[in-house]
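Q: I'd like to go over a predicted model; first the sequence, then the structure.
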Amino acid sequence: MKFTIEHTDTQSSARSGLIDTDHGPIETPIFMPVGTAGTVKAVHQRELKHDIGAQIILGNTYHLYLRPGIDVMEQAGGLHKFISWNGPILTDSGGYQIFSLAAQRKLKEEGATFKSHIDGSTHFFSPERVMDIQRSIGADFIMAFDECAPYPCEKKYAKDSLMLTHQWLDRCIKQFNETQPKYGYQQELLPIVQGSVYPDLRKESAEFVAGKNCFANAIGGLSVGEPAEDMYAMTDLVCGLLPKEKPRYLMGVGTPANILECIALGIDMFDCVMPTRNARHGVLFTERGIINIRNEKWKNDFSLLDENGTTFVDQNYTKAYLRHLLVCNELLAAQIASIHNLGFYIWLVKEARKKIKEGEFLSWKNKMVKQVTQRL
């Protein structure tokens, strides 16, 4: 794989670039729709590619390991073939999901023992096992196995968690280097910077991760409840320490404003369930602000979801119609709203790329952050 920085902003750390993979190019900064269990909820793969313009999507190791199972993944020829998606894929290691099962898991140096949220059965993930599972799933980018410390947490917990994550990273790299891709295309391993909101721990982790010289680097453990100011401060600190010539991936972030602010700090890749999860509850993201389509005020509003008609997805549906579908619990509501929100997110990063190229990013970003955070 290859990463090329094409343009840099003179007033911030924003940059636009291109990642070449065996499944096609990825223009950065990029937003990656989350397809946890082999599907971006309520959205067809055709719509993802042709209507929304997604260039890369995510899968999740924990969920795919439990269902449909790694034997099915291998028989299918990997996740790409299983879900009929011919673009790049990134898989999360499952570390975050295991972290969220705090009452049902035990961590030790060897790995994590956890109980399935499906049937309560007991399973064990080690760094080596997670690498093997992700080789079988076959994503283009696979994540190191880490522990995501909760927020808030004591510094001693964050430090111990960081040491465990670093030990696991070394074992992930060793296992990754001693195995080969299973389906004939290149895979890359991404390490993850942790350290909660403690600057000295973040610095220590960023320097450790940078020293591994992997293709790209990720920042984890943010957007887990900490104030936005802390998220930005930690992101800024870490971006200043990670190699400039490698892609930087901020995991699980976030709102449109979060994405814009973090592009300005030097982040290249984002993912978040927010656009699809909020869509299923009737919350829409637009250039002008945030709409709760369930509100009575939209009942007789026959303007289009995308009022400008030029920004993202060609959907000729009105606010009144989508509100009607949601109130009636029609399945089409989730589809229309999810396509709308994902289309907006993809448009937003595409527009950011354009503004970086034109040298107008910072002023545009400042204007957009004010607009997209308004409640309409």
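A: Thanks, I have it.
Q: Give me the buried positions along stretch 352-365.
A: Within stretch 352-365, the residues scored as buried using 16 or more other CB atoms under 10 Å are Ala352, Arg353, Lys355, Ile356, Phe361, Leu362, Trp364, Lys365. (Each C-beta comes from the backbone N, C-alpha and C, glycine too.)
Q: Can you name the residues in contact with that stretch?
A: 6-12, 14-16, 27-29, 260-261, 263-264, 351 (CB atoms under 8 Å, 6 or more residues apart in numbering).
Q: so how far is Ser121 from the residue in the chain sticking out farthest from the centre?
A: Outermost residue of the chain with respect to the C-alpha centroid, by CA atoms, centre = their mean, is Asn300; its distance is 35.6 Å. Per CB to CB, to the nearest Å, Asn300 is found 51 Å from Ser121.
Q: How about Ile98?
A: Counting by CB to CB - Ile98 and Ser121 are separated by 14 Å.
Q: same deal with Lys350?
A: Lys350 is 43 Å from Ser121, by CB to CB.
Q: Looking at those two, which one has more neighbours?
A: A side-by-side neighbour count of Lys350 and Ser121, using other CB atoms under 10 Å, places Lys350 first with 18 against 9.
Q: Which helix or which strand is home to that one?
A: According to DSSP states H and E, Lys350 maps onto helix 331-358.
Q: List the buried residues for that helix?
A: 333-353, 355-356.
Q: ok, Met32 touching Pro275?
A: No: using CB atoms under 8 Å, Met32 makes no contact with Pro275, being 11.0 Å away.
Q: Can you name the residues in contact with the helix or strand bottoming out on mean pLDDT in the chain?
A: Scoring the helices and strands of the chain by mean pLDDT, DSSP states H and E places helix 95-100 at the bottom, with a mean of 78. The contact list for helix 95-100, computed with CB under 8 Å, 6+ apart, reads 60, 62-63, 105, 112, 114, 125, 143, 145-150, 192, 220, 251-252.
Q: Which ones among those residues lie within helices?
A: Tyr62, His63 (DSSP state H).
Q: which parts of stretch 131-148 are buried?
A: With the criterion 16+ other CB under 10 Å, stretch 131-148 contains buried residues 131-148.
Q: End to end on it, go ahead and measure it.
A: Separation of the first and last residues of stretch 131-148 by CA to CA, to the nearest Å is 18 Å.
Q: Over to Phe270. Which of the three states is it?
A: strand (DSSP: H, G, I helix; E, B strand; the rest coil).
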